[in-house]
Every structure is written in structure tokens, then in C-alpha cells.
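> have a look at this fold, sequence not included:
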């Protein structure tokens, strides 16, 4: 496939930045973006939909990720860590990266929905 981007996500709760009585639950997420396509592509922008367990939605849009607009040749990857604060102990994030390939064609790389949550142990 000409335009193909693989995205994987790892979430880590940040209890040191969580203030439950203020309804601020902090999470870090590390995203790995790999160009599995046949042509180079640059990440131009991002669009996030962040939802907490009450149904409250925040949308975040902007250029690049962590101040960068990485260009990935076929087989290359880019990894970054960022964070989110939501009002409940669990929530979800999903979205897309706006991309442009080396032929000048724009396409979206879908960021699969992932869960923001503290790890729980069943006993």
C-alpha cells in the first residue's frame, strides 16, 4: 500500500501529577509511528478526541507532535511521549495525524482509540 502508517500506544498513569479531589487525573502516553507504506511521508498535524467517563469531550488540534513534524521514509519510525489530564479516573483518546506523502498527496493516519486508566488488580 502506498500510504500506510502503523501506530502503537503505551499508556502510563502519573499518580504524582494526579489530584483526585480537584478532578485531575494525569496520564502519559508514548506513541510509536512507523511508515509501513511504499513512499516517504511527513506528519503535518494532529487531531485528538479525548473523552472522560462522564462523556465530556475535549478536542485538540495543532501542528505536528511535541513541536516536530517528522518525515518518515518507508520502514522508518518516530516515537514520542506526551500527556493528558482528564476529569475522571478513566477515559479514552483517539484521533488522526494529517500526513502528506512525498508525491504531495494528503492522507490521514488513524490513531486507534486507547484507554486512559489506572491499572487494576482483581483479587
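Okay, I see it. For clarity, every value in this text was computed on a predicted model and none was experimentally measured. Numbering: from 1, shown residues only.
> what's the neighbour count on residue 33?
22 (other CB atoms under 10 Å). In this view, the C-beta of every residue, glycine as well, is placed from N, C-alpha and C.
> not counting its neighbours along the chain, what's nearest it?
residue 78 (4.9 Å; CB to CB, 6 or more residues apart in numbering).
> which parts of the helix or strand hosting that neighbour are buried?
In this assignment (DSSP states H and E), residue 78 forms part of strand 77-86. Judged by neighbour count (16 or more other CB atoms under 10 Å), strand 77-86 contains these buried residues: 78, 84-86.
> could you do stretch 22-38 as well?
Buried residues in stretch 22-38 (16+ other CB under 10 Å): 25-27, 29, 31, 33-35, 37.
> repeat that for stretch 82-99.
Applying 16+ other CB under 10 Å to stretch 82-99 flags 84-86, 88-89, 91-93, 95-99 as buried.
> before we move on, the earlier item: out of the buried residues of stretch 22-38, who's nearest residue 111?
residue 31 (7.6 Å; CB to CB).
> how close does the closest one get to residue 103?
25 Å (CB to CB, to the nearest Å).
> re earlier: packing partners for the strand holding residue 78?
Applying 3 or more CB pairs under 8 Å, 6 or more residues apart in numbering; DSSP states H and E, one finds that strand 77-86 makes contact with strand 25-35, strand 41-52.
> leaving out chain neighbours, which residue sits closest to residue 9?
Per CB to CB, 6+ apart, closest to residue 9 is residue 114, 4.7 Å.
> partner residues bridging the one you found?
Beta-bridge pairing of residue 114 under DSSP bridges involves residue 93.
> which ones are touching it?
9, 11, 29, 92-94 (CB atoms under 8 Å, 6 or more residues apart in numbering).
> same question for residue 23.
Residues in contact with residue 23, defined by CB under 8 Å, 6+ apart, are 87-88.
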